[in-house]
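Trainee: Return atomic coordinates for the entry below.
(one chain, ligands or ions: 1)
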Amino acid sequence: MKKVKYHNVKFLVRSAEDISVYFAFEKEAKIFNRWSTMEDYFFKKHPKIKSLKQTQDRKTKKEFIERYVKDYYKSHKELIGKRMKEAETRWKKVEQKFFYLADKLFQKYPWPKGDYRAFVTIWNIFPRDISKKTFQLPYKGRIFKKVEAIIVHEMLHFLFYDYLFKYFPKYKKSQYSYAVWVLSEAFNEVIMAEPKWRKIFSLQLQPYPETVIVRKKIRELRKNKKTVKEILEELLPFVIQKYTRPPSK
Ligand SMILES: [Zn+2]
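Mentor: Predicted coordinates for the structure are as follows:
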């Protein structure tokens, strides 16, 4: 196998990242009135911070969360450190295979520049930041067994979004973000289920129910050996039409 130029992913333990993740989701929960997601992502595993729902004073809330997260990182330091090292070792074992396949899939399209970083998270949600090239990784539970799959998934997103916005820049507009998200998830799910890709990781991630129709269409196109560009050309109009949300008032 030819060596492929690739990005080194740094594996980092930073409690400050988790503090920001919490507040980013809380802000969204407030805007969209989605407290059930806060329950799933944060409170179920960390019932101590649930009392914050009633706290209105921002400063008190911020201090509480900061203290809680820092203390948690301190009291779980050993396991968190050990698991992040393990994640890095496991990734190192498969990264060459991944970059080789990604290079083939995107026909040597160059990787977007950036400082690729994986941060551990104690929360039950693993967000990513496409522009910053960062993503969150679990350190325990059943999901930790899928750590390679999570990294492959996020790395594919970075490449996919960059590629899509380069060749189809008009879809950068925020009104299309949900449609593009559906397409990007469906794309990952189909690609990662292909036999060659499955050799990188043993366990699949759960597909999103919202992507089922698009997944089917991508699978058809992949059977006919369509390139990523051809897939996008063919599917973007459909996906944009079907999944663009009307602007919120
Ligand atoms: Zn995703």
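Trainee: Could I get the full set of strands for this structure?
Mentor: For the chain, strands defined by DSSP state E occupy the ranges 10-12, 117-120, 128-129, 134-137.
Trainee: ok, the closest residue to residue 15 other than its chain neighbours - contacts?
Mentor: Leaving aside its sequence neighbours, residue 15 sits nearest to residue 73 (CB to CB, 6 or more residues apart in numbering; 4.3 Å). Any C-beta I mention is one placed from the backbone N, CA and C, and that applies to glycine too. If a contact means CB atoms under 8 Å, 6 or more residues apart in numbering, then residue 73 has 13, 15, 18, 80, 122 as its contacts.
Trainee: which among the residues you listed end up buried?
Mentor: Among the contacts of residue 73, those classed as buried by 16 or more other CB atoms under 10 Å are 13, 15, 18, 80, 122.
Trainee: any idea how far the fourth one lies from residue 9?
Mentor: Meaning residue 80. 17 Å (CB to CB, to the nearest Å).
Trainee: about what we covered before: would JSON lines of the buried ones among the contacts of residue 73 with pLDDT be doable?
Mentor: JSON lines is the format used below for the buried ones among the contacts of residue 73 (pLDDT from 0 to 100):
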{"residue": "13", "pLDDT": "98"}
{"residue": "15", "pLDDT": "97"}
{"residue": "18", "pLDDT": "97"}
{"residue": "80", "pLDDT": "98"}
{"residue": "122", "pLDDT": "98"}
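Trainee: okay if I get the residues you listed as a markdown table plus distance to residue 234?
Mentor: What follows is the buried ones among the contacts of residue 73, written out as a markdown table (distance: CB to CB, whole Å):
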| residue | distance to residue 234 |
| --- | --- |
| 13 | 43 |
| 15 | 45 |
| 18 | 40 |
| 80 | 44 |
| 122 | 41 |
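Trainee: Just those residues: which are in helices?
Mentor: 15, 18, 80 (DSSP state H).
Trainee: From those, pick the one nearest residue 229.
Mentor: residue 18 (37.5 Å; CB to CB).
Trainee: I'm done for today, thanks for sticking with me.
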